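Peer 1: here is my input; please provide its structure:
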Amino acid sequence: MNKHTKSSRVLTGLMLGSLVIGLVSAPVSDAAKKASLKAKKINLTVGQKKQIQIKNKKKKAVYSYKSNKKAIASVSKKGVVQAKKAGNAKITVKEKYKKKTKSLGTVQIRVKTKSIPSPKPTPAPPAPTAAPPANVTVSPVPAVTPTPEPTPTPIPTLPPREEDDNYDTPKGFDQKKSGVTYGTLSTIHYNSSTTGTRRTANVILPAGYSDEKKYPVLYLLHGIGGDHTEWLGSNPVQVIGNLIAEEMAPEMIVVMPNVRARADDKKDPSDLYTPEHFKAFDNFINDLRDDLMPYMKNYSIAEGRANTAIAGLSMGGRESLYIGLTIPDTFGYIGAFEPAPGVLPYNHDEDDGLFTEDTFKLPDGYNDRTYIMICKGENDNTVGENPLNYHNTLTKNGTPHDYYEIPNVGHDHSAWKNGLYNFVRRIF
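Peer 2: This is a model prediction of the structure:
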């Protein structure tokens, strides 16, 4: 058996692992729960937003929020605090349940102004030069032009982000809601110099899209057997539209391409678990950079890494890590939802990975300037421990990132839409 055949069978076994569903203990009734504020103090800088978190929310309860100083910190009906100007404010949180209203307490909001670097001191003018004595000729001294020091190109920073370890999703986060206007889904076609073909992608434009605005862009990558339609099974229009309506995410353009970058790019091909098929996914870095991203300039996009994100499910998660860490000057945000094997060497290190354990990290200068999220379903036996291995390796290499596991789900849309929700509300 040759190396490729052996590795293909190993990866096939990993990708076709059965879904194991654990028993779930009976939930505690709403009546037995006591809602409380997760944090009673929040520090923000002017312009920042932060969601007030409530533990043990009751399903049928209604929660209200009121600021005593709206000019300093306003709050939406969903509990999203907006820092307006420097100062202190209080947000009162109340719960209405079964016709009874009670206060859960107040959240102290402290708003600071953004730090402004001190101006450089102006050098004192040179002392006047004494005039030469009479009848003395002074030869002019040629001016010396100093050689300018080369100015290094700075790596753009990302906006400051509050730490948030809550990965729960609220009820109905992926469903249509009354009163919410959702974005528009359409199909685009672009010419690819990488594959020599005309390729297809799906695009979601935000509600009220206008050429007078500039929008950040999120690229969403599908799994090993899918194409540009696979992400639609996770209701991205509703997930992202609800976050925007609740002021938990900015308006954005979402692009769902076909990651299989070769001439025959149909989904579920006959060579699904072969090295040749894996190479087609790895080749997408060229199609994305050279063909699809230039095409997206036909839309009103905000350019730069601080306005560009990439994320994917399963095999798409593997490619998001590969692309994001290979060209970090392009992507400021990287999401991998149950990423597939192959980022690191696998099969007892007999098969090469896209990185070695030593090279799987952000290049120098990009730490703390890039947001990375990896998640894994607790019952995911398809990709096994690969997401956890990626997390442990990034930790060992000193690359900051978020990692979490989703209880009681396997390798499916339940996990992927959870990852999408939590990633989108943390980017841009």
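Peer 1: tell me where the protein has helices.
Peer 2: Applying DSSP state H to the chain gives helices spanning 3-15, 236-245, 275-282, 284-287, 293-295, 315-326, 386-396, 413-424.
Peer 1: now the fourth one: buried residues?
Peer 2: By 16 or more other Cβ atoms under 10 Å, the buried positions in helix 284-287 come out as 284, 285, 287. All C-beta atoms are positioned from the backbone trio N, CA, C, and that covers glycine.
Peer 1: pretty sure residue 344 sits against residue 356.
Peer 2: Yes - here residue 344 reaches residue 356: they are 7.4 Å apart, a contact under Cβ atoms under 8 Å.
Peer 1: who has more neighbours out of the two?
Peer 2: More crowded of residue 344 and residue 356, by other Cβ atoms under 10 Å: residue 344, with 20 against 12.
Peer 1: how about that one, nearest residue that isn't a chain neighbour?
Peer 2: The spatially closest residue to residue 344, leaving aside those adjacent along the chain, is residue 353, at 4.2 Å (Cβ to Cβ, 6 or more residues apart in numbering).
Peer 1: OK, contacts around that neighbour?
Peer 2: With contact set as Cβ atoms under 8 Å, 6 or more residues apart in numbering, residue 353 has these partners: 342, 343, 344, 345, 346, 360.
Peer 1: ok, residue 110 - contacts?
Peer 2: Contact analysis of residue 110 by Cβ under 8 Å, 6+ apart lists 41, 42, 43, 44, 88.
Peer 1: show the buried residues in those residues.
Peer 2: When those are checked for burial by 16+ other Cβ under 10 Å, the buried set is 42, 44.
Peer 1: out of the contacts of residue 110, which are inside strands?
Peer 2: The strands, defined by DSSP state E, take in 41, 42, 43, 44, 88 from those.
Peer 1: the third one against residue 108, yeah?
Peer 2: Think residue 43. No - between residue 43 and residue 108 there is no contact under Cβ under 8 Å: 9.2 Å.
Peer 1: just to revisit the earlier point, which one among the ones in strands among the contacts of residue 110 gets closest to residue 255?
Peer 2: residue 44 (31.1 Å; Cβ to Cβ).
Peer 1: pLDDT weak spots in the stretch 1-150 of the chain?
Peer 2: For the stretch 1-150 of the chain, applying pLDDT under 70 flags the ranges 1-33, 114-150.
Peer 1: let's see that with 50 instead.
Peer 2: Along the stretch 1-150 of the chain, segments meeting pLDDT under 50 span 1-10, 12-14, 16-30, 115-150.
Peer 1: for it, which segments count as strands?
Peer 2: 36-37, 41-45, 49-51, 54-55, 62-67, 73-75, 80-83, 87-97, 100-112 (DSSP state E, counting those that start in this stretch).
Peer 1: packing partners of the first one?
Peer 2: Contacts defined by 3 or more Cβ pairs under 8 Å, 6 or more residues apart in numbering; DSSP states H and E place strand 36-37 against strand 54-55, strand 100-112.
Peer 1: pull the CA atoms of the longest one into PDB?
Peer 2: In this case it means strand 100-112. Provided in PDB are the C-alpha atoms of strand 100-112 (Å, rounded to 0.1, in the frame of the first residue of the first chain):
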ATOM      1  CA  LYS A 100     -44.100  40.200  38.100                       C
ATOM      2  CA  THR A 101     -41.300  42.600  37.600                       C
ATOM      3  CA  LYS A 102     -38.100  42.600  39.700                       C
ATOM      4  CA  SER A 103     -34.700  44.300  39.500                       C
ATOM      5  CA  LEU A 104     -31.600  42.200  38.800                       C
ATOM      6  CA  GLY A 105     -29.400  45.100  39.900                       C
ATOM      7  CA  THR A 106     -27.300  47.700  38.100                       C
ATOM      8  CA  VAL A 107     -24.200  47.500  35.900                       C
ATOM      9  CA  GLN A 108     -21.600  50.200  36.500                       C
ATOM     10  CA  ILE A 109     -20.300  51.600  33.200                       C
ATOM     11  CA  ARG A 110     -17.000  53.400  33.000                       C
ATOM     12  CA  VAL A 111     -16.200  55.100  29.700                       C
ATOM     13  CA  LYS A 112     -12.700  56.400  28.900                       C
END
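Peer 1: orientation of it relative to strand 41-45 in degrees?
Peer 2: Strand 100-112 runs at 40 degrees relative to strand 41-45, counting by axes from the mean of the first three to the mean of the last three Cα atoms, to 10 degrees.
Peer 1: strand 100-112 pairs with which strands, and in what direction?
Peer 2: strand 41-45 (parallel), strand 87-97 (antiparallel) (DSSP bridges).
Peer 1: out of those strands, flag the one nearest residue 251.
Peer 2: Nearest to residue 251, of all the strands paired with strand 100-112, is strand 41-45, at 21.2 Å by Cβ to Cβ.
Peer 1: return the alpha-carbon coordinates of the closest one using CSV.
Peer 2: C-alpha atoms of strand 41-45 as CSV (Å, rounded to 0.1, in the frame of the first residue of the first chain):
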residue,chain,number,x,y,z
LYS,A,41,-18.8,46.5,36.0
ILE,A,42,-17.9,47.2,32.4
ASN,A,43,-15.0,49.3,31.2
LEU,A,44,-15.3,50.8,27.7
THR,A,45,-13.6,53.3,25.5
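Peer 1: was I right about residue 74 contacting residue 82?
Peer 2: Yes - proximity of residue 74 to residue 82 meets the contact threshold set by Cβ under 8 Å, at 4.8 Å.
Peer 1: from residue 86, how far off is the closest residue in space to residue 112 that isn't next to it in sequence?
Peer 2: Closest residue to residue 112 apart from its sequence neighbours, by Cβ to Cβ, 6+ apart: residue 45 at 5.2 Å. Using Cβ to Cβ, to the nearest Å, we find residue 45 at a distance of 9 Å from residue 86.
Peer 1: which residues are in contact with both of these two?
Peer 2: 111, 112, 113.
Peer 1: put the buried members of the residues you listed into a ChimeraX selection.
Peer 2: Selecting only the buried entries of those in ChimeraX, with 16+ other Cβ under 10 Å as the criterion:
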select :111
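Peer 1: do me a favour and get the end-to-end distance for stretch 250-260?
Peer 2: One end of stretch 250-260 to the other measures 29 Å (Cα to Cα, to the nearest Å).
Peer 1: how about that stretch: buried residues?
Peer 2: For stretch 250-260, a neighbour-count test (16+ other Cβ under 10 Å) marks 250, 251, 252, 253, 254, 255, 256, 257, 258, 259, 260 as buried.
Peer 1: which of those fall in strands?
Peer 2: Secondary structure assignment by DSSP E places 253, 254, 255, 256, 257 of the buried residues of stretch 250-260 in strands.
Peer 1: between these, which is closest to residue 165?
Peer 2: Using Cβ to Cβ, residue 254 is the member of these that sits closest to residue 165, with 25.4 Å.
Peer 1: alright, I will stop here.
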